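Asks: Sequence first, then the predicted structure:
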Amino acid sequence: MYKSLIIILFLVLFSTVKASAQQPLDLASADIITYQYYLAGNWDKLITAGNEAINQHIDFKWLRQRMGYAYFMKFDYFASLKQYQKALTFDENDVNTRTYLYYCGLNTSNLTFANFQASKLSQEAQQNLGIKPLKIMDVLDFEYNYKLNNINTRTNPNYWRLGINSQLGYRLNLYQAVSDYTQTISSLTLNQFEYFVLADYAINPHLELDIAYHYLNTKTDTATYKGNMIFARLSSRINRLDLGLSGSVLDYDNENFGQIGIHAGLTLPGQYNVYIKSSLYQMLAANNNRIVYSQSIGALFFKKFWTEGNITLGNLKNYIDANGLYIYNSVDATTFRTGLSIFWYVGKKITLFGNYTYDYKQTESTNNITTKYNQHSISSGIIWKL
């Protein structure tokens, strides 16, 4: 008899607790519960309670801000960004929301988004964050590259580049660089000086336009060749997805070359921030139209060390890369390329980087004879945030 009473009491208690747990939330209780979890720093329970409230069609600014902060403290910056964007729909002038959207942009390497959010803050808030709209000397970078090949008729090339970025407002950046390339080919010394300038403008938080100009001045022992390139790219980045279209025209030594590209990228969920980027290009030249495909994958496997691997397939003669920064107009075309880059974030202002690249190259056909050879490339450099 006692056993039966105990079972009955247990079932009644269980039914009462279950019914209580299944009671629908209201705005006041959702506010109290999530605020208590916020004060206690219990981020997992805050996120669970927040999602439960949203599933019951309860939604308000402070709920989204608390969930955004919880994800931020868990280093899930993409999820945090999504929540703060929802909070912005309730109050687009909220300083706290804009501030954390700015930080989310920085932590997802989306400077266009971050600077756009900074532009919406008051001058007082901008000063508190230590950010300014105008920085004539914002970032300096330097790169040195040395190549080694296994062909007797070519020396090992040298390349260096020095660049500076100027922030001309929160939505406009101007990058300029000078570079030099040197190599001797069949006893003929070649030296190429280059000037590059790129303007990057944020049309809105998710859409940016890049326009670049690249000048080439190639001198040999007997002649001088000049080239001019115009490049444009329209890119859209929404949370983890990147999409883009690009096009360029190169006029070099009285020959014209065109390039049209489509680009897609995706950052995967997880603690390593793995991202995948793909690009497909249509190369346009007289009697030599062809396809080039580029694939890269990167991740933050170790704290402060960013690693990226890449592979490029196709004939890269006069190929335009890195938003027009690199023009591969060497005498010998690369037909296959792969490489690995490592970025070391030494501190808030200094980043060191290194790269290894392997190229499978071929000389231009002479008397129907083409020589194929290997080239290994090693780069190192520094990026200094002033």
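Replies: Nice, thanks for sending it over.
Asks: Let me see the backbone angles for the residue nearest to the spatial centre of the chain.
Replies: For the chain, the residue nearest the mean C-alpha position is S109 (5.8 Å; CA atoms, centre = their mean). The phi/psi pair for S109 (degrees, to the nearest 10) reads phi 60, psi 30.
Asks: What of A212?
Replies: phi -130, psi 150.
Asks: ok, now S235?
Replies: phi -120, psi 140.
Asks: distance of the residue nearest to the centre of the chain from E308?
Replies: 12 Å (CB to CB, to the nearest Å). C-beta here means a position set from N, CA and C on the backbone, and glycine is covered the same way.
Asks: bridging residues for F336?
Replies: L313, Y360 (DSSP bridges).
Asks: correct me, but it touches N310?
Replies: No: taking contacts as CB atoms under 8 Å, F336 lies outside contact range of N310: 11.9 Å.
Asks: who's more crowded, those two?
Replies: More crowded of F336 and N310, by other CB atoms under 10 Å: N310, with 17 against 14.
Asks: mind exporting the helix or strand containing that one as CSV, just the C-alpha atoms?
Replies: In the assignment (DSSP states H and E), N310 maps to strand 305-313. Presented in CSV, the C-alpha positions along strand 305-313 are these (Å, rounded to 0.1, in the frame of the first residue of the first chain):
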residue,chain,number,x,y,z
PHE,A,305,49.3,31.3,-36.0
TRP,A,306,47.2,31.5,-39.1
THR,A,307,47.9,28.9,-41.8
GLU,A,308,46.7,28.8,-45.4
GLY,A,309,47.3,26.3,-48.2
ASN,A,310,46.5,27.0,-51.9
ILE,A,311,46.5,25.4,-55.3
THR,A,312,46.1,27.0,-58.7
LEU,A,313,45.5,25.1,-61.9
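Asks: Need the contact partners of stretch 64-75.
Replies: 34-35, 37-38, 41, 43-44, 46-47, 50-51, 77, 79-84, 86-87, 90, 94, 96-97, 100, 103-104, 271 (CB atoms under 8 Å, 6 or more residues apart in numbering).
Asks: need the contact list for the residue lying closest to L386 once chain neighbours are set aside.
Replies: Leaving aside its chain neighbours, L386 sits nearest to M137 (5.2 Å; criterion: CB to CB, 6 or more residues apart in numbering). By CB under 8 Å, 6+ apart, the residues touching M137 are I164, S166, L386.
Asks: Look up how far E308 lies from M137.
Replies: If you measure M137 against E308 using CB to CB, the figure is 27 Å.
Asks: Direction included, what does the one helix or strand the residue nearest to L386 maps to pair against?
Replies: Assigned by DSSP H and E, M137 belongs to strand 134-149. Partners of strand 134-149 in the sheet, by DSSP bridges, are strand 158-168 (antiparallel), strand 372-385 (antiparallel).
Asks: Tell me which of these is the most buried.
Replies: strand 158-168 (a mean of 18; mean count of other CB atoms under 10 Å).
Asks: that older thread, from G163, how far off is the residue nearest to L386?
Replies: 11 Å.
Asks: hmm, back to that, quick one: buried ones out of the contacts of stretch 64-75?
Replies: 34, 37-38, 43, 46-47, 50, 77, 79-84, 86-87, 94, 96-97, 100, 103-104 (16 or more other CB atoms under 10 Å).
Asks: In helices only, show me those residues.
Replies: Using DSSP state H, the members of the buried ones among the contacts of stretch 64-75 that fall within helices are 34, 37-38, 43, 46-47, 50, 77, 79-84, 86-87, 96-97, 100, 103-104.
Asks: residues making contact with stretch 236-249?
Replies: Stretch 236-249 is contacted by residues 78, 81-82, 110, 112-113, 206-208, 229-235, 256-269, 277, 320, 323-324 when judged by CB under 8 Å, 6+ apart.
Asks: again, but for stretch 126-135
Replies: So stretch 126-135 is contacted by T99, Y102, A118, S119, L121, S166, Q167, L168, G169, Y170, L386 (CB under 8 Å, 6+ apart).
Asks: Show the contacting residues for I47.
Replies: Counting by CB under 8 Å, 6+ apart, I47 has contacts M67, A70, Y71.
Asks: Which ChimeraX command selects the buried ones in the contacts of stretch 126-135?
Replies: Selection of buried members from those for ChimeraX, criterion 16+ other CB under 10 Å:
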select :99,102,118,119,121,167,168,170
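Asks: Sort out which one of the contacts of stretch 126-135 lies nearest Y252 for me.
Replies: The nearest member of the contacts of stretch 126-135 to Y252, counting by CB to CB, is S166 at 27.8 Å.
Asks: List the beta-bridge partners for the closest residue to that closest one other than its chain neighbours.
Replies: Nearest non-adjacent residue to S166, counting by CB to CB, 6+ apart: L174, 4.7 Å away. Judged by DSSP bridges, the bridge partners of L174 are S166, A199.
Asks: Can you pull out the low-pLDDT segments for the stretch 1-150 of the chain?
Replies: In the predicted model, the stretch 1-150 of the chain carries pLDDT under 70 at residues 1-24.
Asks: do you know how far A125 is from C104?
Replies: 16 Å.
Asks: Sorry, slip of the keys, the one I care about is D200.
Replies: Counting by CB to CB - D200 and C104 are separated by 20 Å.
Asks: can you check Q282 too?
Replies: Counting by CB to CB, the gap from Q282 to C104 is 35 Å.
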